[in-house]
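1. sequence-free structure coming up:
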């Protein structure tokens, strides 16, 4: 009896959850469908559109017409570049704070977090002028640098919470067994730290890929990543549904897949370890 | 255990991170402050010098300022209401066992990974367009007319778009918090005859308070600087109907070329964000001691 009730309840929960899930996902599903239709069919009524033949012509048009690959490449360079430089700076810092904590470590971490609270609009004016005067406007170097800075606190924090979980006793045991510092790092710490570093990398690539304030303001065409490139589709080009959809699908697909793989780490990274 | 030697090494390892963040914090911030007290308009290069509080005065008395503050508040509160209430409900639902839980989780999570410019353009053109949008098609199926969402209810439409992006974030974090709840506690309450409602009221929600606080604070930080969604959809209009504070700073400094006034607006934006930040830091800081 109780079993039957709970099975029925589980079925109801399932139907409700699936309905809501599909509703939330619907816009993404919709542009995937639109991207495989011809421009004429894409603006037909929904049922006529769904019945229309499938084609990849929109992808081809986006490709040849607008240097899509260049902007895609810019996104890759900027998001990977800023994350790798960030890791390079953050790994030693997080390492030291996790394994050799001092009296000031906590204050230091909080201060780093506080730099993340500065609204971009607050420093738009000086950043714009600095970039203009140094000739950094619309360059990959400039944008990569800014994204490194704005994500550095998150990188340090995430790494810190991961490193913190590596038990210190293991190190002592290794030392007892006569391991020197080099071996300690190479054979014991590094393998335990790699998963944390990997998920930090993943989350930061996602954040940098989707960053849309500085990339819109500090780039124009040469260094424009996908966030800025897509913005050029705002009207009247937005009315070309198939092309807009194809460009959008290509822009979000890689990061959506990465994001799905990193959902667990996402929580930790985005809440600065406050929710695990 | 830490020796003198390892302390020195640790300090050396922390230095680069501290140094770049220090520069990043001090240089632009002090420049913003400096410019906010200077006459500096790119259109009038000969007018320079100390401006006193003029820039602040002009920014605050600008006809767009009142609207910008109001819109910022409505936008932040509107999105927060939708995402925290919706996120809590969704998390409670998805915490129940059902078939395909993992897949539904991925579906719900997906919008978070869509870049702001894409989601804004897709909603604007494919859904909210009064002629060809999905909503217009649905309205016509019921014999009604398509509604010009972004033209007639611009702020509301932007709230919907931004809420769609942030609902996954709230849901995911609240779900994670929910899953760390001690199952035995719930079962014990159930055995003692506590109703589903009182279990929610006295056990589940108190357990989630901290996660909800964190969700609200972190979202507020991001929502205070919503920009791209406005730029590609309404450009702040019609009139000032969807201009928020970051957008007004952009209008003043980049579009109107008034660097001084833009900087004054920037300072105001920083003060606002820091009020929220203090509360967030407190919530996060508590976790450090645990």
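-> Arrived safely. Owing to the predicted nature of the structure, the values given are computational and were not obtained by experimental measurement. Residues are numbered from 1 along each chain as shown, chains lettered A, B, ... in the order given.

2. hey, let's count contacts and neighbours off CA atoms from now on
-> Will do.

3. give the residue spans of the stretch 1-150 of chain B that score low on pLDDT.
-> Residue ranges of the stretch 1-150 of chain B with pLDDT under 70: B:1-4.

4. do you know the pLDDT at the residue nearest to residue B:42 when sequence neighbours are not counted?
-> What sits nearest to residue B:42 in space, not counting adjacent residues and going by CA to CA, 6 or more residues apart in numbering or on different chains, is residue B:257, at 5.3 Å. Looking at residue B:257, its pLDDT is 80.

5. can you tell me how far residue B:257 is from residue B:238?
-> Plainly put, residue B:257 is 21 Å away from residue B:238 if you go by CA to CA, to the nearest Å.

6. neighbour count winner among those two?
-> Set side by side, residue B:257 and residue B:238 show more neighbours around residue B:257, with 18 against 15, by other CA atoms under 10 Å in any protein chain shown.

7. show me the contacts for the more buried one.
-> Residue B:257 makes contact with B:41, B:42, B:43, according to CA atoms under 8 Å, 6 or more residues apart in numbering or on different chains.

8. pull out the buried members of these.
-> residue B:41 (16 or more other CA atoms under 10 Å in any protein chain shown).

9. skip the chain neighbours and tell me the closest residue to the residue in chain B positioned nearest to chain A.
-> At 3.6 Å from chain A, residue B:266 is the closest residue in chain B, using CA to the nearest CA. In space, and not counting its chain neighbours, residue B:266 is closest to residue A:122: 3.6 Å by CA to CA, 6+ apart.

10. count the neighbours of that neighbour for me.
-> Residue A:122 has 29 neighbours, counted by other CA under 10 Å.

11. I figured it hits residue B:30, correct?
-> No. Using CA atoms under 8 Å, residue A:122 is not in contact with residue B:30; the gap is 10.9 Å.

12. nearest the geometric middle of the chain, what residue?
-> Since you didn't name a chain, this refers to chain A. Among the residues of chain A, the one closest to the centroid is residue A:206, at 1.0 Å (CA atoms, centre = their mean).

13. looking at chain B here, not the other one
-> Chain B, centroid-nearest residue using CA atoms, centre = their mean: residue B:223 at 2.0 Å.

14. measure it to residue B:72 for me?
-> 8 Å.

15. can you pull out the strands in chain B?
-> With DSSP state E, there are no strands along chain B.

16. wouldn't the residue of chain B closest to chain A be in contact with residue B:248 here?
-> No. Counting by CA under 8 Å, residue B:266 stays clear of residue B:248, with 9.5 Å between them.

17. out of these two, which sits in the busier spot?
-> residue B:266 (30 against 26).

18. OK, contacts around the more buried one?
-> If you count contacts by CA under 8 Å, 6+ apart, residue B:266 has them with A:121, A:122, A:123, A:124, A:125, B:32, B:246, B:249.

19. how about 10 Å then?
-> Contact analysis of residue B:266 by CA atoms under 10 Å, 6 or more residues apart in numbering or on different chains lists A:118-125, B:29, B:32-33, B:36, B:245-246, B:248-250, B:253, B:260, B:272.

20. and those residues, which are buried?
-> Buried, going by 16+ other CA under 10 Å: A:118-125, B:29, B:32-33, B:36, B:245-246, B:248-250, B:253, B:260, out of the contacts of residue B:266.

21. and the residue nearest to residue B:280 when sequence neighbours are not counted, how many neighbours does it have?
-> Distance criterion CA to CA, 6+ apart; nearest residue to residue B:280, sequence neighbours excluded, is residue B:217 at 5.6 Å. Counted by other CA under 10 Å, the residues lying close to residue B:217 total 21.

22. is it true that residue B:217 touches residue B:84?
-> No. Here residue B:217 does not reach residue B:84: they are 11.0 Å apart, not a contact under CA atoms under 10 Å.

23. quick check: the closest residue to chain B within chain A vs residue A:148, distance?
-> Relative to chain B, the nearest point of chain A is residue A:122 (3.6 Å; CA to the nearest CA). To residue A:148, residue A:122 is 18 Å away according to CA to CA.

24. below-threshold pLDDT in the stretch 1-150 of chain A: ranges please.
-> Confidence mapping of the stretch 1-150 of chain A against pLDDT under 70 gives the ranges A:1-5, A:66.

25. again, only using 50
-> A:1 (pLDDT under 50).

26. and the helices in it?
-> A:2-35, A:39-42, A:46-51, A:57-65, A:68-99, A:105-115, A:124-133, A:140-164 (DSSP state H, counting those that start in this stretch).

27. mind checking the end-to-end distance for stretch A:48-58?
-> 18 Å.

28. show me what counts as buried in it.
-> Under the neighbour-count criterion of 16+ other CA under 10 Å, stretch A:48-58 has A:49, A:50, A:52, A:57, A:58 buried.

29. isn't the fourth one right up against residue A:246?
-> Yes. Counting by CA under 10 Å, residue A:57 touches residue A:246, with 9.3 Å between them.

30. joint contacts of those two?
-> With CA under 10 Å, 6+ apart, residue A:57 and residue A:246 have common neighbours A:35, A:36, A:37, A:63.

31. contacting residues for the first one?
-> Residue A:35 is in contact with A:42, A:54-59, A:241-250, counting by CA under 10 Å, 6+ apart.

32. one more time with 8 Å
-> Contact analysis of residue A:35 by CA under 8 Å, 6+ apart lists A:56, A:58, A:59, A:241, A:242, A:243, A:244, A:245, A:246, A:249.

33. as a markdown table, those residues with distance to chain B would be great.
-> Output for these, formatted as a markdown table (distance: CA to the nearest CA, whole Å):
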| residue | distance to chain B |
| --- | --- |
| A:56 | 19 |
| A:58 | 16 |
| A:59 | 16 |
| A:241 | 7 |
| A:242 | 10 |
| A:243 | 11 |
| A:244 | 8 |
| A:245 | 8 |
| A:246 | 11 |
| A:249 | 9 |
